[in-house]
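S.K.: Please work out how this folds:
(2 chains)
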Amino acid sequence: MEKQYWQSFEEYEQLKKQSLRENGEPLPEFSIEGLDESEIKGKSSRRDFLKMLGFSVGTVALVSSCQMPVRKAIPFLNQPEELIPGVPNFYASTFFDGIDYCSILVKTRESRPIKIEGNEMSPLTRGGTSVRVQASVLNLYDDARLRNPRKGEVDSDWETVDRDIINKLEYFSGKNEKVVLLTSTIISPATRKLISDFIAKYPNVKWMQYDAVSYSAIRQAHKQNFGDAVIPFYRFDKADVVVSFNADFLGNWLMPVTFTKQYVSNRHLMQGNIKLSRLFQYESRLSLTGSNADYRFGIRPSEESAVLLNLYNEIAKATGNPTYYAPPVSIEIKQAAKDLLAAKGKSLVVSGTNNVRIQLIVNAINQALGNYGKTLDMNQSINLKQGDEAQMLTLVDEMKDGLVQGLLVYNVNPVYDYPDHEAFIEGMNKVDLKVSLSETLDETGSLCNYVGTVNNYLESWDDAEPVRNSYSFVQPAIRPIFNTRQFQDSLMKWAGMGAGYAKYLENFWNSKITGHSTEPENFPHFWNKLKQDGVFQVEQKSTASPRFVLQELSAETPLKDGLEVILYEKISIGTGKYTNNPWLLELPDPITTATWDNYVCVPVAYARKNNLNKEDVVMVNGNLELPVIVQPGQPEGTVSIALGFGRTAAGKAGNGVGRNVYPLMNTSNGRCNVSGTPVTIEKIEGKTYELALTQMHHTMEGRPIFRETTLKDYIKDPSSGNKQHKIDEEKNVSLYSMINFDAIHWGMTVDLNSCTGCANCVIACQSENNIPVIGKDQVRRRRIMHWMRIDRYYSDDPEMPDVYHMPVMCQQCDNAPCENVCPVAAVTHSSEGLNQTTYNRCIGTRYCINNCPYRTRRFNWYEYVNNNEYDYNMNSDLGKLVLNPDVTVRQRGVVEKCTYCVQRLQAGKLTAKIENREIIDGEIQTACSQSCPANAIRFGNLLQEGSKINEINKEERMYYLLEPLHTLPSTSYLTKVRNRNS
Amino acid sequence: MYNTNVRGILIQGNKTYTDVTRDVLKPLDDKVPLWWWITSFLAIGALLWGVWGIYHTISVGIGVWGLNNNVAWGWAIINFVWWIGIGHAGTAFSIFLLILRQKWRSTINRAAEAMTIFAVMAAGLFPLIHMGRIWDGFFIFPYWNTRGPLWDNFNSPLFWDVTAISTYFMASFVFWYVGMIPDFATIRDRTASKIKKKIYGALSFGWLGNARGWLRFETTALLLGGMAAPLVVSVHSIVSMDFSVAVIPGWHSTIFPPYFVIGAIFSGFGMVLTLMIIMRKLYKFKDYVTDNHLDAITRILTFISLIMGTAYLTELFSAWYSGSEYEMFTFMKNRVTGDYTFAYWTMLTCNAFIPQLFWFKKIRKNITLVFIISIFINIGMWFERYVIVVTSLSKDFLPATWAMYKPTITEISIFVGTLGLFVLGVMLFFRFVPTIAVSEVKAILSDTSTTKPNNNEKQ
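M.R.: Prediction:
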């Protein structure tokens, strides 16, 4: 190598590098073989330029288009002992809103309640729930809830509110001015004790209970007959024959969940059981109970007492009791009388009419049949519905006279639901201290000086005694979200009792249980168990029934002409308490399938005569505009309208929905009765109103969709009414091989004989699966998102039709038409027999929707989340807390459907795997099957030996929907059997 | 070879080769007429409205259409099938009539093929925008991806659709384009404008018009024609399988592929007729598109209309013969009678009855009437697709789910937009492309013209 000279260190380095390069040493880091000169030199070629350009443009496009808001999830600094992220906790509690009772389990995820389940340990509700119970969890996250106590028109703080109220109360107490504590029915023994303590402190306080829909006549009648103002505990499970007059006990009446459980326990035709109770329904509108009846008769409200008295006379004649004059009626009662007499002591007559005269006849019939002590339990009386409207009438008068200085209103809303609410408002304006104890600023609250904002029931401590000696507990599942305080705490604060209600409750129970026959050795242990179980029974001390004193019976003369109105509570929103609950507002009525509105149901013949069509608008009594539904089964001479609508201070979802019809209450006999007010109806020519109906066609077109038979035929041949199944099964051949499943093949069965159509499953499904609410306009466009629906069909005579309820969800076909047609393979079949829709993969061609013969697939027509157009719970940070984290919230443009609650299946499988065991039959339940109060929906593994579902599928009543299509569904149905003679 | 002159003289007016060139290229050279501007602007207006509709759909959601849980396909699919049907005529003309050695096709095939291209473009829009998540539309192509063994569902008719339509579009386009090369060269050679020379020069791929070029040209055309011929049958057969593969009553039927192909040719010929009558009127092409041509088309239409009528009757028969109550309901209670009676009888009247008027020579010779009837055919064929798509979906198996369907303004706007696209395409075609295949006409000129075209060469 040539000698190198250098002058500076820089030059030396340079030379060194150069020499290395020239000598080819050391080897470069990568081979330069195959590269051209410019590349070796590191210059960029045209290709490189394009590469760079492509990369940078791509990056810029990607980065700029994927701008997602950053949302931080912060882990626990100190993880609470009982809380594992991703694992739900369940708390036993009780739903009681002043009207309905249900023992529940609250499912919480990461400390927030997301779902309500029934508490299976309760002897009353036995794991059942109702739609309102299921939907109540959404009320916890209602934007209409007040954040703070209020003074006047503005938010305040508890100190100010407490100080002002205590001052006032003490001032009135000193002057012995009357203060009224107006509450809903209170079934909590501890709260009742607390109220008496409160009254002890302020003797000038008078406590009154008020029910928007009153049942006081039942208590009054029992007082007259037995000297005891109680509602006996009805035992539909012990009754072989039930005759019900306007009592919608499967839908709304008193304890629908309990009664449904009882009723269906007499109607399970499984494993050779051929015993079926028989239900006669005499009613003035088509109720849910009526739609399930074996015999149904339409009566006018004014006819009810006459029909009942005729029935009584029939029975009295046979049992040697005195008879009374009854106006003749054309309604057929012989069959009912005959069946009742044949089932003495095993029958039950009930009436939902709040009229003492009627209830006295009912009692007399039950007494004559010897039902007291058997199907009516006087010892175990029902504590619900303690309100007495006579007191209310007095209160309004007293307020108007300026005799009431203070009014504390808790959990009731008389400004909205008192029939003469204008009188109530007038009286209220004369009251000095008006305090509302309410979760939201309702109609009553907005007229009050103070609002003592109360907790949601999921944030509260309490107990409940819905039926005497049967207790159920309320415990918080979440800390109060807002600056609220439960009602009892407020009372204690104002009475200066300190300590707080949780402690009070514990002490109350400690002293209550002490000295009792079932006294536990260790109270803390008992207390913990109580909180764990949520329910507690005290042994029944059976005392002899009090002596029955027959009262003089009489009946009113039925009206012949004109229209009588019957008001009813919708299965969904009830008395109006839930009018701001979007889930309930969008729940199709089981009978009319209408959502979001109330309307006048008119009889078919009347509509024909007066040229009324569906969605015409009529003027009721000259001052109430309502749309019309021509309702099959609506008796001649009656119209029915739902209560609970027309709220003005419910919240953003419920304000201005429908019309308030409480003023149409019948107050003629000193009681508030939902039925019997004469009304006039006038068609407003040319005016129509589009209702949000989810079903337009009401007959089956002779197709074997819903199959039924009568008990008589069923006994002769269990497959009667289901002959088609055999025929279809014989033709059930395929050129293709069947899918083989290894260990699990999920299946479901729906017993149409048990299903009452209560729609509880629909809301349970909505709650479990994050199903969006889409609003009135979208429902009108027939786009309701519910993954399961209850199809309702009528048959025969439109004036007195048979009604059928059929829950339809994805049938999870093994030969699914939807799977074949998806171009991107987003719809696939799982190894466990599920039709899976992969949301990520779906491009929304909607071919699967078209090709599903059951029409159970739903499309996200719009973005239903974070969209101001759909301003329901999914558009509010608070409302979104109710979402189930295990279920994806779907994007616009994808198709979704029932998954058999695949997240629950997965959770169940994991549990079994962790415990290293097989899945136990019945351990895994879907949301619908778990919540069904009628046990109509069963779920299980079709491959498991001896599983319940396999047994059921062996029944002769079993069939599949649309069998000839050879879709091979995993969901089966069982025929309905009506207990009819012919 | 069968070579009698049944059609008589195809090119009237004693044209020479130069006359042909001059006549056909006249619209390209002349000042743009006022009607062209007015029509084009109207078409652009319609197109813009359609663009708004598409923008509205994509930005807000498919919910802006009138679809619902039961009727998940509506106008978009109807229009898609309708346009695809119209898009059949060009290729059908070129290929079938070529195979059948029908020389009279020469003056019409270029315009018919152009119509095909624009109709298929309009049709192709619908499956795209009809997707719920158009931004993920590429999922439909089978490409290697990082999502594991995730591939397309090759069983899905929609996947077949994508393949069939894109193939058809490409084949039709290439066939059309290749046919235009000699004509582009003619324009290139005649034009004085430098820009035009450049553009048409590029478009003509350096066509020299030498014997070797012609040989290759003919071979290519034949090969392409041979390849495209099965596509005419396959593309609409496959479109029909979107329906016949489904279980829905009224869709699930083996008659669909031939029924759809025939229907497509029917509607395509109807549209060709409409377009030809307009074109020969506006550009005074009566010598080229003669009354005889129109007569030939109307005769074909009469025959196809009979096939259509047979197909409709066959559908009714198979509904009854199947013994399926669902099929019976769909046809007898939801089409022949019921809520969709209007659509069904419009379809039947326009497609099966009205074209039978062509049996009368007087009507065939009355161009105004022929034009009106051709419009009726277009309307009837639209209603046929409406009947198939909507009636079957809206009342299917479970009556509880039945729902009616009404289009919204957005759906209408998109349809009008595609009409605009089509008309604009046709207008551009009129303006910039020889609307009649000059070279082909010249080829048949000596056989069918009254005089020898070379005899009175003017230049």
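S.K.: Tell me, how many residues neighbour the residue of the stretch 101-250 of chain B found nearest chain A?
M.R.: Relative to chain A, the nearest point of the stretch 101-250 of chain B is B:G132 (1.8 Å; CB to the nearest CB). All C-beta spots, glycine's among them, are computed from the backbone N, C-alpha and C. By the measure other CB atoms under 10 Å in any protein chain shown, the count of residues near B:G132 is 23.
S.K.: mind pulling up the phi and psi values for it?
M.R.: Backbone dihedrals for B:G132, given as degrees, to the nearest 10, come out at phi -70, psi -40.
S.K.: can you list the residues of the stretch 51-200 of chain B near chain A?
M.R.: Residues of the stretch 51-200 of chain B lying close to chain A by CB under 8 Å from any CB of the partner chain are B:60-63, B:66-70, B:72-73, B:127, B:130-134, B:136-137, B:139-140, B:150-153, B:155-159, B:161-162.
S.K.: Check residue 33 and give its pLDDT.
M.R.: You didn't say which chain, so I picked chain A. Note on A:E33: pLDDT of 57.
S.K.: that answer is for a different chain, and I need it for chain B
M.R.: 85.
S.K.: what's the burial count for it?
M.R.: Neighbours of B:P33 under the rule other CB under 10 Å: 14.
S.K.: Relative to chain B, which residue of chain A is the closest?
M.R.: Taking CB to the nearest CB, chain A has A:G844 as its residue nearest chain B, at 1.8 Å.
S.K.: what number of residues lie near the closest residue in space to B:I300 that isn't next to it in sequence?
M.R.: Excluding its sequence neighbours, the residue lying closest to B:I300 (CB to CB, 6 or more residues apart in numbering or on different chains) is B:F269, at 6.0 Å. For B:F269, the count of nearby residues is 24 (other CB under 10 Å).
S.K.: centre of the chain versus the strand or helix carrying B:F269, how much separation?
M.R.: Applying DSSP states H and E as the criterion places B:F269 in helix B:256-282. For helix B:256-282, the separation from the chain centroid amounts to 6 Å (computed by CA atoms, centre = their mean, to the nearest Å).
S.K.: distance of the nearest residue to A:H725 once chain neighbours are set aside from A:Q386?
M.R.: Of all residues not flanking A:H725 in the chain, A:Y959 sits nearest, at 4.1 Å (CB to CB, 6+ apart). Per CB to CB, to the nearest Å, A:Y959 is found 47 Å from A:Q386.
S.K.: Likewise for B:W73?
M.R.: For B:W73, the distance to A:Q386 equals 57 Å [CB to CB].
S.K.: same check, this time on A:R278
M.R.: Distance, A:R278 to A:Q386, by CB to CB: 32 Å.
S.K.: tally of neighbours for the residue lying closest to B:D183 once chain neighbours are set aside?
M.R.: Closest residue to B:D183 apart from its sequence neighbours, by CB to CB, 6+ apart: B:P434 at 4.4 Å. B:P434 sits with 24 neighbouring residues when counted by other CB under 10 Å.
S.K.: dump the residue contacts of B:P434.
M.R.: B:24-25, B:28, B:110, B:180, B:183, B:186-187 (CB atoms under 8 Å, 6 or more residues apart in numbering or on different chains).
S.K.: same deal with B:H56?
M.R.: Contact analysis of B:H56 by CB under 8 Å, 6+ apart lists B:64, B:410, B:413.
S.K.: Now the one helix or strand the second one maps to: buried residues?
M.R.: In this structure, B:T410 sits in helix B:409-432 according to DSSP H and E. The neighbour-count check on helix B:409-432 (16 or more other CB atoms under 10 Å in any protein chain shown) flags B:410-411, B:413-427, B:429-430 as buried.
S.K.: now swap in stretch A:528-535 and tell me
M.R.: So stretch A:528-535, judged by 16+ other CB under 10 Å, has buried residues A:530, A:534-535.
S.K.: Among those, which are located in helices?
M.R.: Among the buried residues of stretch A:528-535, the members found in helices (DSSP state H) are A:L530.
S.K.: Redo the buried residues of stretch A:528-535 as JSON lines? Include pLDDT and distance to chain B.
M.R.: Formatted as JSON lines, the buried residues of stretch A:528-535 follow (pLDDT from 0 to 100; distance: CB to the nearest CB, whole Å):
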{"residue": "A:L530", "pLDDT": "86", "distance to chain B": "45"}
{"residue": "A:G534", "pLDDT": "88", "distance to chain B": "38"}
{"residue": "A:V535", "pLDDT": "88", "distance to chain B": "38"}
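S.K.: Just to check, A:L395 is in contact with A:V404?
M.R.: Yes: the pair A:L395 / A:V404 is scored as a contact, 7.0 Å apart, by CB atoms under 8 Å.
S.K.: what residues are shared contacts of those two?
M.R.: Common neighbours of A:L395 and A:V404 are listed as A:180, A:427 (criterion: CB under 8 Å, 6+ apart).
S.K.: gap between the residue nearest to B:I300 and B:A437?
M.R.: Going from B:F269 to B:A437 by CB to CB gives 18 Å.
S.K.: Run a quick neighbour tally on A:V307.
M.R.: A:V307 has 26 nearby residues by other CB under 10 Å.
S.K.: same deal with A:K334?
M.R.: As a burial measure, A:K334 scores 10 neighbours (other CB under 10 Å).
S.K.: Next, the contact list for the spatially closest residue to it that is not a sequence neighbour, please.
M.R.: Distance criterion CB to CB, 6+ apart; nearest residue to A:K334, sequence neighbours excluded, is A:E314 at 7.1 Å. Applying CB under 8 Å, 6+ apart to A:E314 gives the contacts A:333-334, A:337.
S.K.: So which of A:R278 and A:Q386 has more stuff around it?
M.R.: Taking other CB under 10 Å, A:R278 and A:Q386 do not tie; A:R278 has more neighbours (26 against 23).
S.K.: Skipping adjacent residues, who's closest to that one in space?
M.R.: That would be A:N979: by CB to CB, 6+ apart, it lies 4.3 Å from A:R278.
S.K.: Which pLDDT value goes with that neighbour?
M.R.: pLDDT, A:N979: 89.
S.K.: Now do the contacts for it.
M.R.: A:276-279, A:294, A:710-711.
S.K.: again, only using 6 Å
M.R.: For A:N979, the contact set (CB atoms under 6 Å, 6 or more residues apart in numbering or on different chains) comprises A:276, A:278, A:294, A:711.
S.K.: Quick check: the second one touching A:A293?
M.R.: This means A:R278. No: using CB atoms under 6 Å, A:R278 is not in contact with A:A293; the gap is 9.0 Å.
S.K.: Does stretch A:810-830 reach chain B?
M.R.: Yes: Stretch A:810-830 is in contact with chain B by CB under 6 Å from any CB of the partner chain, via A:817, A:820-825.
S.K.: worst-scoring helix or strand of chain A, pLDDT-wise?
M.R.: Ranked by mean pLDDT, DSSP states H and E, the helix or strand of chain A with the weakest confidence is helix A:37-41, at a mean of 61.
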